[in-house]
Structures are given as C-alpha cells and as structure tokens.
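Q: can't give you the sequence, but here's the structure:
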C-alpha cells in the first residue's frame, strides 16, 4: 500500500507540464476526460520475461529472471532494459496488440495525438520496490545530486521512489522504467495504474497563461523529471507542440513574458489546427 | 509513504526439535530463511499466531545479512506456545520493530520444541518507511 492522494483532473481544469531542464512549461485546458468513470487499469506483472539477465546490486553479478514478472533477490533493471508496458497478454488479460499506437508501450501517444495527455499514477507491488523513471526511455541518468556532481542510480540512497510514480505521457516520447527489488527474496510483481486520458487544448489567452505560470491562477502541475538538456525531448516537443513551451518568468517581467508568449501560442494554435 | 502489510507463514518440519523456519508468502517466488530490511525501512511484527504442538518461536536479528556467508544472529524475542492448541498475540500496535539503518539488517525465526511435532506460525508483518511510529 502506498498512501498518496491520487489526483485526476476534470473537464475545465488547467494542467501545467513543467520541464525543469528548459525552465518552461506547456499549459493546457482539459476539454474532456475519456472514460472518467473507470480510471483503474489492472495491468498485471512488471513485463520482464523469464530468462532476462538483470544485475544484483549487492554483488554486481548477473542474475536471471526465473519466471515472467518475477524480480530476483537484490536485482535491478539496468538502463538497456528500460521497461515499457506492452499491449501483450499476459500481463494484460486480453491483448491490445495492433490497437494501440505502439505495441511495446500502451502509454505511448503518437505525435499526431497532440491533443491527448495520459495522466498516470503508477502503483508497483510489492510497494517497497524502488522505482526510477527514464525520460526519455534509455536515458542513462535521470537524477543528480548537487547540480550534476553525483549521478544517481536506482541503487543509490536517493533518486528513487518506492512503489509509486506519477507522470504525464507526452506524445512522441517513451518513458522507461527501472525497478529494484531490495529484498533477499525473489518477488512476484504487479502493476496497477490509475489514470486519466485527457483531451486538451491550448489556452487562448496569454495573460491567463502568465497568471497560471506565476501561480496566481490555480492549475495542476506535473513536473517532468528532466533536469538537463535533452535533444530527443526538445525535438519531440518541437514536432508535437511547436516548442518546449512557455518560459517561466517572475511577475515583474510580465510585459516581456506576454510578448514572447504570443509567438509561442501562435505556433501552438497552428499545431492544434486552430 | 509506503506501507506493505503481509502475512508470513512458517511451519516446523515435524522431525527436528529445533531449526530455522523457511519463510513463505504468496508474493515470494521462493522460500528463504531470513528477510533483509532495506536501508530506511522498518520491519514491524503486528501479530503472532502459533498453532499446533508446543513450541518456542525465537525471533532473531542480525546487522549483517548481506556481506557474510553466515550471519551472526542475536535473539530478540521468544514466544511460547505452552500446550497443544493456539496462541494469538496481538496488541493492536507493533510487538517488535526492527529498523534498516545500513541495509544489512535482517530478521529470522527459529523454533525449539521439547518433542519434534508439527506446528505452524503466522506473522502479520509490515514494511514501512514512515518516520513516526
């Protein structure tokens, strides 16, 4: 059990997707929420196949996954095996293959699905399993201590959560996941998602955007854990939403911000065909 | 905050008067004779059920179950089922708490019987990372 407030948005809410690496954010209005009445996805085990080679973080030795979905004692998933959640059965009860945008990742949205956002709360069982995101998938190091001095791995003393992560799925970009079993016992895993599939639209008012980004107006903020420049993310954001978003300015730079925001909003409108 | 509540199931082998329990739970893919406590986690025993023939349940602690082949164990509790039947020990608060301070701590469970017979142990336990009891 992970005790968290699981917040999902409703129609009319504003969502801010914040990118610390760029000091920018994209801001949208939630137009509607698909399947808002049914927000739970009982996915199944963590999709690691029997026979996969993982690493024992205590000894550094290789360990073999003994059965589908089982994390061996002290094992963790290295970057080259970043996990996504495929449309296969199992873990799903019924295959969604060839119905989703990408069979290897049910949370992936194609670049054309730019008016969609998945807002996902991921729960991993057993809940003491350490969770480390990779954004984008395959990125070696996601977190650092002291401005990049210390790169953090899932087996460090910080830089992970246990049994839970909240994220938004951005069109054109895969998230990857690393998990670590801290027990000396191999465990059978399970993944549950509580999610919202939002149809979004740009906010057609630069002053309102500024007020949201200066926290004068209430909005739900989701921070993408990207703290250093990443070309893959920048390129994807440019293709999907026309850029990395609206720069965060202090209140006393309102005029400069609004001038800049007009240009960004114009491109964003075009991307949304407005 | 993480809380993982689970029931550990163990049984004597019926042929030895003493031994170390193999620990089972449906989430475990294998049986092991001890549980390691990750750094920053607390391991709490909330309830103890002893069922069957008389036995001592001995709770053991080690501060190094990771680096050494044979850890040194220290007895930290002993619960006695005096006669055939059952004993349920539940105080509605943790009976035993062990903290993971180095990531090398572990807990194990022994039995001791005057006469080797089948007995069963159920433990309601919790892993948590909360700062306050």
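A: Now that the structure is in, tell me what you want to look at. Keep in mind that this is a model prediction, so the values were computed, not measured.
Q: so where's the chain uncertain?
A: Chain wasn't specified; assuming chain A. Within chain A, the stretches with pLDDT under 70 are A:1-4.
Q: ah, I was thinking of chain B
A: Residues of chain B that meet the criterion pLDDT under 70 lie in B:131-133.
Q: and the gap between the nearest residue to residue A:44 once chain neighbours are set aside and residue A:83?
A: Nearest residue to residue A:44, sequence neighbours excluded (Cβ to Cβ, 6 or more residues apart in numbering or on different chains): residue A:91, at 2.7 Å. Where you see a C-beta, it was placed from the backbone N, CA and C, and this is true even at glycine. Remark: distance between residue A:91 and residue A:83 (Cβ to Cβ, to the nearest Å) = 11 Å.
Q: Overlap of the contact sets of those two?
A: With contacts taken as Cβ atoms under 8 Å, 6 or more residues apart in numbering or on different chains, residue A:91 and residue A:83 have A:46, A:47 as neighbours in common.
Q: so the residue nearest in space to the middle of chain B is in which element?
A: A centroid search over chain B (Cα atoms, centre = their mean) returns residue B:109, at 4.6 Å, as the residue closest to the centre. Following DSSP states H and E, one finds residue B:109 within strand B:105-112.
Q: Quick one: list the elements packing against that strand.
A: In terms of contacts (3 or more Cβ pairs under 8 Å, 6 or more residues apart in numbering or on different chains; DSSP states H and E), strand B:105-112 is packed against strand B:18-20, strand B:34-37, strand B:55-62, strand B:96-99, strand B:119-128.
Q: Quick one: distance of that strand to the chain centre.
A: 5 Å (Cα atoms, centre = their mean, to the nearest Å).
Q: ok, back up a step: name the nearest residue to the residue nearest to the centre of chain B, ignoring sequence neighbours.
A: With Cβ to Cβ, 6+ apart, the residue lying closest to residue B:109 is residue B:21, at 4.5 Å.
Q: repeat for residue A:31
A: Among residues not flanking residue A:31 along the chain, residue A:199 sits closest, at 4.5 Å (Cβ to Cβ, 6+ apart).
Q: And for the nearest residue to residue B:124 once chain neighbours are set aside, the neighbour number?
A: Of all residues not flanking residue B:124 in the chain, residue B:47 sits nearest, at 3.8 Å (Cβ to Cβ, 6+ apart). Using other Cβ atoms under 10 Å in any protein chain shown, residue B:47 has 16 neighbouring residues.
Q: wait, isn't residue B:47 in contact with residue B:94?
A: No - between residue B:47 and residue B:94 there is no contact under Cβ atoms under 8 Å: 9.5 Å.
Q: rewinding a little: count the neighbours of the residue nearest to residue A:44 for me.
A: Applying other Cβ under 10 Å, we find 19 other residues in the vicinity of residue A:91.
Q: List the residues that contact it.
A: Taking Cβ under 8 Å, 6+ apart as the criterion, residue A:91 is in contact with A:43, A:44, A:45, A:46, A:47, A:69, A:85, A:191.
Q: ok, now with 10 Å
A: Each residue near residue A:91 by Cβ atoms under 10 Å, 6 or more residues apart in numbering or on different chains is listed here: A:42, A:43, A:44, A:45, A:46, A:47, A:68, A:69, A:85, A:189, A:190, A:191.
Q: swap in residue B:60?
A: Contacts for residue B:60 were tallied using Cβ under 10 Å, 6+ apart; they are B:20, B:34, B:71-77, B:106-110.
Q: try residue A:87
A: So residue A:87 contacts A:94-106, A:108 (Cβ under 10 Å, 6+ apart).
Q: Looking at the helices and strands packed on strand B:105-112, which one is packed in the most?
A: strand B:34-37 (a mean of 23; mean count of other Cβ atoms under 10 Å in any protein chain shown).
Q: if you look at that one, does any of it touch chain A?
A: Yes - for strand B:34-37, a contact with chain A is found by Cβ under 10 Å from any Cβ of the partner chain, at B:34, B:35, B:36, B:37.
Q: Identify, from those residues, the entry nearest to residue A:248.
A: residue B:37 (41.5 Å; Cβ to Cβ).
Q: how about the residues of chain B near chain A?
A: B:1-6, B:23-41, B:65-67, B:100, B:103-104, B:106, B:126-130.
Q: how about a cut-off of 8 Å?
A: B:1-6, B:23, B:26-30, B:32, B:34-36, B:38-41, B:65-66, B:103, B:106, B:127, B:129 (Cβ under 8 Å from any Cβ of the partner chain).
Q: Are any of those residues buried, and if so which?
A: The neighbour-count test (16 or more other Cβ atoms under 10 Å in any protein chain shown) marks B:2-4, B:23, B:27-29, B:32, B:34-36, B:38, B:40-41, B:65-66, B:103, B:106, B:127, B:129 as buried among the residues of chain B next to chain A.
Q: Where is the longest strand in chain A?
A: strand A:190-202 (DSSP state E).
Q: That strand: which residues count as buried?
A: A:190, A:191, A:193, A:194, A:195, A:196, A:197, A:198, A:199, A:200, A:202.
Q: and what of stretch B:71-91?
A: Using 16+ other Cβ under 10 Å as the test for burial, stretch B:71-91 gives B:71, B:73, B:79, B:81, B:87, B:89.
Q: Residue A:58 versus the last one, what's the distance?
A: The gap separating residue B:89 from residue A:58 is 33 Å, by Cβ to Cβ.
Q: downstream neighbour of the strand or helix carrying residue A:15 in the secondary structure list?
A: Using DSSP H and E, residue A:15 sits within strand A:14-19. Downstream of strand A:14-19, the first helix or strand assigned by DSSP H and E is strand A:24-34.
Q: List the neighbouring strands of that following strand plus their orientation.
A: Sheet pairing for strand A:24-34, assigned by DSSP bridges, gives strand A:14-19 (antiparallel), strand A:190-202 (antiparallel), strand A:246-247 (antiparallel).
Q: what does that strand contact?
A: Applying Cβ under 8 Å, 6+ apart, the contact partners of strand A:24-34 are A:8-19, A:115, A:117, A:196-203, A:209, A:212-213, A:219, A:221, A:237, A:241, A:244-248.
Q: Which among those count as buried?
A: Using 16+ other Cβ under 10 Å, the buried ones in those are A:8-9, A:13-19, A:115, A:117, A:196-200, A:202-203, A:209, A:212-213, A:219, A:237, A:241, A:244-248.
Q: thought residue A:172 was touching residue A:234?
A: No - counting by Cβ under 8 Å, residue A:172 does not reach residue A:234; the two are 11.4 Å apart.
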